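Engineer: Need a 3D model of the sequence below.
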Amino acid sequence: MDLWRAIIGLSAVGFLARFSYALARTPVLPLFALHLGAGPEAIGMVVGISTITGIFFKLPSGALSDLIGRRSTMIAGLLVFAVMPFTYLLVQDYTPLLIVRFFHGFATAVYGPVSMAVIADVAGTRRGEMLSWFSSLTITGNLMGAPVGGLLLYGLASSGAPGIEEFHAVYLLSGVLGVGSLLLGLKFLKGEDAARGGGSLRSHVRRFSSGIREVISDRRVLLASSMEGLQNMSMGALEAFLPVYAVTVAGLNEFQAGLLWGIQVLATILSKPLMGKTSDKYGRKPVIVLGMILCASSLACIPMLMSFPNLLLAAVVFGLGEAFVTSSAAALVADLCKEKHLGTAMGTFGTIFDIGHASGPIVAGVLIAPWGYGVCFTIISALLLGAIPVFLLGMKAKKREGLLKLLSERKRP
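Structural biologist: The predicted structure is shown next:
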C-alpha cells in the first residue's frame, strides 16, 4: 500500500469512525445514564466499561490481524462502529445501556491497534512522523464529537432537559456516521491484503499463541508501552480532576475549565507530527524521556497555580509533553517487533495504554479524597519521573544481552 494513500485513506475512515464513537460517548452517554436514573457510581461504570473491553480485547485483535490479515480485522471493527449505535435506540433502561456500551467498545478495541499496525507496516523509517499524523487527524474526530453531541441535545430539547427521543436522535446520527466509515473503509481497503498464509486450524492457533508469547515476553516492548501507559494514567487523572480543581479550588468558571482541557488537547494535536518527525531523526528514547519530564513538571505545578493564565500555560506544557511521549512510544514498539507481529505489538501497546487511561481517574480519586490535589499530583509526577531510569536501564540491558548473544553465536564452531 502506498504511504500517503494509506495515511489519507485511513485518516478519513478513522475520522468518521471516531466522530461517530465520540458522539455516542461524551457528554451524551453520562447524561443518558442520568436520564435513566443512574447514580454517580453507575454513570462511572457505563462510561468506563468500553475501556475495559479494550483492555481485554486489543491484544487478541492485533494478534488476529497478524494471522488473518489487516483488512478483514479492520472491516470487522468498522462493522461494530456501523451497527452498535443503532442498538442504543432499543435502550429504555440502565442495564441494557451497560451491555450495549460494553459491546460498542469492540469498535475501538478491534479497529484501533490494527489501523496503527497498517501505518507502521507502510511507514518504514518514518514511523514516528506517520503514526503521529494519523493519530492527530483521527483525534480531530474525537474533538468534534463532544461539542456536536452536546449542541444537538441542547438544540433538540424543547423543555430544557433532553428526553429519550433526543438521546435516540443523537445515536441515530452516530449510526449514520458509523455506516459512512464502514462504506468508506470498504472502498478504501478494497483488494488489500487478505489472509497471511494458510494451514490448519491447529496451526493457526499455534501461530496466534506464539505471536502473543513472543511479543509480551519482550521486555523492551513492555517498557515502551508502559511509558505510554503511565503518561496516560496522568492524562486520565488530569482529564477527570483538572476541571474540578479549576472550578472548586482556583475559582474559575466552567467555560474556563473547558478551555484548559481544550488547549491541552490542541497543543498535543498540533505538535505531534513535528515530535514524531523529531523522533525519526534523533531517536525515540530522548523524546520519550523529555515528554515524561514535561508531563511530570506541569502536573506537579498545577496544585500551586490559581490564575487562569498560569493554569493555561501548565496545560500547554502538559499537552506538549504528551505529544513527545505518544508520538514516539508507538513507533518504538513497532521498531522493536518483527513485521509479522506488528498487529500483536500494537495490541499489547493499546492494552497497556487503556489500563493506564482507565486507572488514572481511579488512582487520582483515591489519593485526592484523603490528601488533596497537592499530594495526588506530586505522587503521580514522581511515578512518571521514577519510570525514566527503569525505562533507560531496561532498554540498555536488553541491548547488551543481544550483543552478548550475538558474540556467543559467532564463537561457536
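
Engineer: what's the following helix or strand after the helix or strand hosting residue 323?
Structural biologist: Following DSSP states H and E, one finds residue 323 within helix 308-336. Using DSSP H and E, the helix or strand that follows helix 308-336 in sequence is helix 342-411.

Engineer: Compute the inter-axis angle for that next one and helix 308-336.
Structural biologist: Orientation check (axes from the mean of the first three to the mean of the last three Cα atoms, to 10 degrees): helix 342-411 against helix 308-336 gives 60 degrees.

Engineer: Now do helix 342-411: distance to the chain's middle.
Structural biologist: From the chain centre to the centre of helix 342-411 is a distance of 16 Å (Cα atoms, centre = their mean, to the nearest Å).

Engineer: Can you name every helix or strand that that helix contacts?
Structural biologist: Helix 342-411 makes packing contacts with helix 40-68, helix 106-123, helix 201-216, helix 219-248, helix 284-301, helix 308-336 when contacts are defined by 3 or more Cβ pairs under 8 Å, 6 or more residues apart in numbering; DSSP states H and E. Using the backbone N, CA and C atoms, a C-beta is placed for each residue, glycine as well.

Engineer: Do you know the pLDDT at the closest residue to residue 89 other than its chain neighbours?
Structural biologist: Among residues not flanking residue 89 along the chain, residue 168 sits closest, at 5.1 Å (Cβ to Cβ, 6 or more residues apart in numbering). Residue 168 is assigned a predicted lDDT (pLDDT) of 93.

Engineer: now do residue 286
Structural biologist: Residue 286 is assigned 93 on the pLDDT scale.

Engineer: Flag the shaky bits of the chain, pLDDT-wise.
Structural biologist: For the chain, applying pLDDT under 70 flags the ranges 1-2, 41, 159, 190-215, 338-340, 397-413.

Engineer: was I right about residue 79 contacting residue 181?
Structural biologist: No. Counting by Cβ atoms under 8 Å, residue 79 stays clear of residue 181, with 10.1 Å between them.

Engineer: So which of the helices and strands packed on helix 342-411 is nearest residue 381?
Structural biologist: helix 284-301 (4.0 Å; Cβ to Cβ).

Engineer: Output the contacting helices and strands for the closest one.
Structural biologist: When contacts are defined as 3+ Cβ pairs under 8 Å, 6+ apart, helix 284-301 packs onto helix 219-248, helix 254-282, helix 308-336, helix 342-411.

Engineer: the more surrounded of residue 79 and residue 181?
Structural biologist: More neighbours surround residue 181 than the other of residue 79 and residue 181, with 26 against 19 (other Cβ atoms under 10 Å).

Engineer: Might you report the residue contacts of residue 231?
Structural biologist: Neighbouring residues of residue 231 by Cβ atoms under 8 Å, 6 or more residues apart in numbering: 291, 292, 295, 321, 322, 325, 326, 329, 356, 384.

Engineer: and if we set it to 6 Å?
Structural biologist: Residues in contact with residue 231 (Cβ atoms under 6 Å, 6 or more residues apart in numbering) are 295, 325.

Engineer: So it versus residue 282, what's the distance?
Structural biologist: From residue 231 across to residue 282, the span is 19 Å (Cβ to Cβ, to the nearest Å).

Engineer: again with residue 376
Structural biologist: Noted for residue 376: a distance of 34 Å to residue 282, by Cβ to Cβ.

Engineer: Between these two, point out the one with more neighbours.
Structural biologist: residue 376 (23 against 12).

Engineer: Give me the neighbour count for the closest residue to the more buried one other than its chain neighbours.
Structural biologist: Nearest residue to residue 376 in three dimensions, chain neighbours excluded: residue 367, at 3.8 Å (Cβ to Cβ, 6+ apart). Per other Cβ under 10 Å, the neighbour tally for residue 367 reads 19.

Engineer: before we move on, what about the one 4 residues further on?
Structural biologist: For residue 371, the count of nearby residues is 12 (other Cβ under 10 Å).
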